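Chemist: Everything below, folded, please.
(chains A and B)
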Amino acid sequence: AQKVTQAQTEISVVEKEDVTLDCVYETRDTTYYLFWYKQPPSGELVFLIRRNSFDEQNEISGRYSWNFQKSTSSFNFTITASQVVDSAVYFCALTYNNNDMRFGAGTRLTVKP
Amino acid sequence: KAGVTQTPRYLIKTRGQQVTLSCSPISGHRSVSWYQQTPGQGLQFLFEYFSETQRNKGNFPGRFSGRQFSNSRSEMNVSTLELGDSALYLCASSNRGQGLYEQYFGPGTRLTVT
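Modeler: Below is the predicted model:
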């Protein structure tokens, strides 16, 4: 069975603070894909990143970085120098076949000015 | 390139009625997936269509059905609506055939059942 756990329901930070969103997953598949999506108040899910199970390299994109560790089944997301516009709900997701995605419950991030 | 579009954006229906939601994928994308998002259950996969065929199905009752047309546009139908069907219904498209795995989501249709 596939499962994604985002233990942090809500996080509140002050602008310019760094924040890490945790994601722990469970799967028996050897090939799988992990994703992060951002859902702003408008409701549309915005794709942030995809990682496949064979690529454990960490990735940095501007203020965003991702730490994928198969040994701990984690795929954490860090925002450096957070901004008010980063306020949203962030979802971590897992799929083995690309289209039946299992989402975590989401973490609501509030960045205060 | 235009994104995924969903119509209507908002809908209010009464218990027992049926509803049809529409999704137009990104041009060239042949895979369309549907998800239901509720505060209690979160985001749940409904089904996926690829080249007019249902390829995957989530754990939802038969009242939830869908189809895909030759132009890749997809519709989702819910019959005999229940109060618990009130949710944001999201559609996502991907260029699955090209080996790309990012799903691009539309803005959703917010369905309220009274």
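
Chemist: can you give me how far the worst-scoring helix or strand of chain A on mean pLDDT is from the chain middle?
Modeler: In chain A, the helix or strand scored least confidently by mean pLDDT, DSSP states H and E is strand A:59-61, which has a mean of 86. With Cα atoms, centre = their mean, to the nearest Å as the basis, strand A:59-61 stands 13 Å off its chain's centre.

Chemist: Give me the helices and strands touching it, please.
Modeler: Contacts defined by 3 or more Cβ pairs under 8 Å, 6 or more residues apart in numbering or on different chains; DSSP states H and E place strand A:59-61 against strand A:46-52, strand A:64-69. No exception for glycine: its C-beta is placed from N, CA and C like everyone else's.

Chemist: Out of those, which gets nearest to A:Lys112?
Modeler: Taking Cβ to Cβ, strand A:64-69 is the member of those nearest to A:Lys112, at 19.5 Å.

Chemist: so the closest residue to A:Gln39 other than its chain neighbours is in which element?
Modeler: Spatial nearest neighbour of A:Gln39, excluding adjacent residues (Cβ to Cβ, 6 or more residues apart in numbering or on different chains): A:Val89 at 4.5 Å. Element membership for A:Val89, per DSSP states H and E: strand A:88-95.

Chemist: Give me the residues contacting that strand.
Modeler: Outside strand A:88-95, the residues that touch it by Cβ atoms under 8 Å, 6 or more residues apart in numbering or on different chains are A:2-4, A:6, A:21, A:23, A:25, A:27, A:32-41, A:45, A:75, A:77, A:101-104, A:106-109, B:43, B:101.

Chemist: Mind checking which of those residues are buried?
Modeler: Neighbour counting over the contacts of strand A:88-95 (16 or more other Cβ atoms under 10 Å in any protein chain shown) leaves A:2, A:4, A:6, A:21, A:23, A:25, A:27, A:32-39, A:45, A:75, A:77, A:101-104, A:106-107, A:109, B:43, B:101 as the buried ones.

Chemist: Among those residues, name the ones in strands.
Modeler: Among the buried ones among the contacts of strand A:88-95, DSSP state E puts A:4, A:21, A:25, A:33-39, A:75, A:77, A:102-103, A:107, A:109, B:43 in strands.

Chemist: Quick one: mean pLDDT for the strand holding A:Val89?
Modeler: Here strand A:88-95 scores 95 as its mean pLDDT.

Chemist: just to revisit the earlier point, paired strands for the least confident helix or strand of chain A, with orientation please.
Modeler: As defined by DSSP bridges, the strand partners of strand A:59-61 come to strand A:64-69 (antiparallel).

Chemist: Quick check: buried residues in the strand it pairs with?
Modeler: Neighbour-count burial for strand A:64-69 [16+ other Cβ under 10 Å]: A:Tyr64, A:Ser65, A:Trp66, A:Asn67, A:Phe68.
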